[in-house]
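K.L.:
Provided below for reference: sequence and predicted model.
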Amino acid sequence: MRPGPWLFLLALLFSASASAREGQAASVFRQRTLLVSSQPDGVPPLELHVAAGTATLVESDVPLGPLSFQDVRGRIQLVPIDDHRLVLVPSEDLAQSERLSFVVGATPRAGPLRFSLVTRNDEVDASVFLVRTSPAAADEDAAKALVLQLLSAPDARATFAVPQKIGKIDGPESVVRLVSLLRLGQRLFVTLAVRTWQPDLRPWLPKQMRLRATLDKGSSFVEWPVVFLSGPQEEDQQFHVLTALLPEGTTRLEVALDGERVPGAFHLLPLEAAVALP
């Protein structure tokens, strides 16, 4: 069988990508797998890291629907390859705080996907594989029960002597602290406390939490939204407990707390400090 014309187009795009990489030696080119939430309403769009003249291949485990644009045309070239793949190539880098959005429409098998394109100085997505998550299994239900126990019984958290500050939050005058890190085989339970320094303000409430696992030697990444539950709001802080199964070969783990419209920054979780549950 003769190769289709898209093969030649793809080769041309990745040839342009290779040329662009020569001028971006400081950037790291990533291969990421994004687990897409089965309930995407109200959470930030999927963030893709792009660079001028560099091709990013987006592939989905289910067919992609039709594309719809906001202000992308003329600045980002999007080339559908087939029902499962598309390539995008920016004609210029985006400003530091700028985001370009586009939507891949719904199909009979899946709902629409919203994307946000950003340019970062440190990394570019060479390829992104999208995997739709399935409804919660029985294991997830059992994990939720333990999450509820951790929220209602502080003595069961095996907390750090001094909670570790892991970063600022986009909310008003808020920081997040790592309170507890528990591990049961490949399943992880993380207790976080979001605290505000303003007495008249309530602690900032995340809309979504995501984990990012670095696999093996750091050439591959998996990002996915995680199950989390929140305790009652106290005067200046609120506890949140998340749980997830770690991918095999995880060498580094980070957590992001997202607002309603913009994804939060990733913060490192010290896996070596995790307490093993019996």
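P.N.:
Perfect, I can see it now. Numbering: from 1, shown residues only.

K.L.:
switch to C-alpha atoms for all contacts and neighbour counts from now on
P.N.:
OK.

K.L.:
C-terminal to the helix or strand bottoming out on mean pLDDT in the chain, what's the next element?
P.N.:
Every helix and strand of the chain was ranked by mean pLDDT, DSSP states H and E. The lowest is helix 5-22, at a mean of 48. Using DSSP states H and E, the helix or strand that directly follows helix 5-22 along the chain is strand 28-36.

K.L.:
So for the residue nearest in space to the middle of the chain, what's the nearest residue that isn't a sequence neighbour?
P.N.:
With distances taken as Cα atoms, centre = their mean, residue 223 lies nearest the centre of the chain, 4.5 Å away. Spatial nearest neighbour of residue 223, chain neighbours left out: residue 212 (4.4 Å); criterion: Cα to Cα, 6 or more residues apart in numbering.

K.L.:
Does that neighbour touch residue 253 like I think?
P.N.:
Yes. Under the criterion of Cα atoms under 8 Å, residue 212 makes contact with residue 253 at 5.7 Å.

K.L.:
quick one: which of these two has more around it?
P.N.:
A count of neighbours by other Cα atoms under 10 Å puts residue 212 above the other of residue 212 and residue 253, at 23 against 20.

K.L.:
Who are the contact partners of the more buried one?
P.N.:
221, 222, 223, 224, 253, 254, 255, 266 (Cα atoms under 8 Å, 6 or more residues apart in numbering).

K.L.:
and which of these is nearest to residue 275?
P.N.:
Proximity of those to residue 275 was ranked by Cα to Cα; the top entry is residue 253 with 15.3 Å.

K.L.:
Name whatever forms a beta bridge with that closest one.
P.N.:
Listed beta-bridge partners, residue 253: residue 213, residue 269 (assigned using DSSP bridges).

K.L.:
rewinding a little: I'd guessed the residue nearest to the centre of the chain sits against residue 209; true?
P.N.:
No. Using Cα under 8 Å, residue 223 is not in contact with residue 209; the gap is 10.5 Å.

K.L.:
For this structure, which segments count as helices?
P.N.:
5-22, 138-152 (DSSP state H).

K.L.:
measure residue 63 to residue 112 for me?
P.N.:
Relative to residue 112, residue 63 is positioned 11 Å away (Cα to Cα, to the nearest Å).

K.L.:
Could you do residue 262 as well?
P.N.:
Taking Cα to Cα, one finds residue 262 at 18 Å from residue 112.

K.L.:
got the contact list for residue 255?
P.N.:
Counting by Cα under 8 Å, 6+ apart, residue 255 has contacts 209, 210, 211, 212, 266, 267, 268, 269.

K.L.:
With respect to residue 31, which of the residues you listed is nearest?
P.N.:
Taking the contacts of residue 255 together and measuring to residue 31 by Cα to Cα, the closest member is residue 212, at 12.4 Å.

K.L.:
Give the bridge partners for residue 240, please.
P.N.:
residue 192, residue 230.

K.L.:
Would you mind confirming that it makes contact with residue 191?
P.N.:
Yes. Using Cα under 8 Å, residue 240 is in contact with residue 191, at 5.7 Å.

K.L.:
residue ranges with poor pLDDT in this protein?
P.N.:
Along the chain, the parts satisfying pLDDT under 70 run over 1-27, 37-42, 68-73, 134-142, 146, 150-151, 153-165, 167-172, 219, 277-278.

K.L.:
Surely residue 86 touches residue 79?
P.N.:
Yes. Residue 86 lies in contact with residue 79 (Cα under 8 Å); the separation is 5.5 Å.

K.L.:
Look up which residues are beta-bridged to residue 104.
P.N.:
Bridge pairing for residue 104 (DSSP bridges) gives the partners residue 67, residue 113.
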